[in-house]
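> Please find the sequence and the predicted model below.
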Amino acid sequence: MARQRVGVLISGRGSNLRALIDACADPAYPAEIVSVVSDRAEAPGLALAAAAGIFGVVIPHRTRPAFAAEAEALLRRQRVDLVCLAGFMRVLDATFVEGWRDRMDNIHPSLLPAFPGLHPQRQALAAGVRFSGCTVHFVRPEVDAGPIIAQAVVPTRPGDDEASLSARILGVEHRLYPLAVRLIAEGRVRVVGSKVEIDGWQAPTMALLNPDEAPGEPLAANRG
């Protein structure tokens, strides 16, 4: 079976991009990254793509429609099957999003629908929640909305600040995102109404993790 061709959109350091690159380095992984698009020329993630031999390009975000038109043309030329937003910090044009409906996903550092938008870790701490985490979801025109594919939970701790909670969640993001992309690329994910169903798994996939354990294979998600 042919590997799914993935395009990744980034704005910054690309730590989730690195996690996906590492996953795709395994020939048995069902996806490969064929292009990386950044709206910022100085984004460190572009260097990660170059080091991995992945085509990277900068598309400045002058306006939403202009960015969408250039990105659309590039992704089509690259024959991309799935678009992954990995720290992409722009709101996308609604027509572009709808054109990739259920073929574009995003990872967000909260348990959506709680704490969408900017600084979700700060929002979580201000609310006094006992658990936080991250969510992989299909993208919709509304910010941080769309059917939930997978979630992972980490505890908040006494004395946490935004930086410490962010770091703990980020370590789990690096495990959850490749898992979610694997499930999509294997053809096991489908959207039914406003929810995701995953063949062989309960949906949404949820894992309660010890954030101090070494990264491994992969998450203790609930199997159906």
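Happy to help now that I have it.

> pLDDT below threshold where in the chain?
Where the chain drops to pLDDT under 70, the residues are 201-224.

> residues of the lengthiest helix in it that come out buried?
For the chain, the longest helix by residue count, based on DSSP state H, is helix 162-185. Neighbour counts over helix 162-185 (16 or more other Cβ atoms under 10 Å) mark 165-166, 168-185 as buried. The C-beta positions use only the backbone N, C-alpha and C, and glycine is treated the same way.

> Just the CA atoms of it, as CSV, please.
Only the C-alpha atoms of helix 162-185 are listed here, as CSV (Å, rounded to 0.1, in the frame of the first residue of the first chain):
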residue,chain,number,x,y,z
GLU,A,162,2.9,28.1,32.0
ALA,A,163,6.4,27.1,31.0
SER,A,164,6.5,23.8,33.0
LEU,A,165,3.1,22.7,32.0
SER,A,166,3.8,23.6,28.4
ALA,A,167,7.0,21.5,28.4
ARG,A,168,5.2,18.5,29.9
ILE,A,169,2.4,18.7,27.4
LEU,A,170,4.8,19.1,24.5
GLY,A,171,6.6,15.8,25.3
VAL,A,172,3.2,14.1,25.0
GLU,A,173,2.4,15.9,21.8
HIS,A,174,5.4,14.4,20.2
ARG,A,175,4.0,10.9,20.8
LEU,A,176,0.3,11.6,20.1
TYR,A,177,0.7,13.4,16.7
PRO,A,178,2.5,10.5,15.0
LEU,A,179,0.0,8.1,16.4
ALA,A,180,-2.9,10.1,15.0
VAL,A,181,-1.3,10.5,11.6
ARG,A,182,-0.6,6.8,11.5
LEU,A,183,-4.3,6.0,12.2
ILE,A,184,-5.4,8.4,9.4
ALA,A,185,-2.8,7.1,6.9
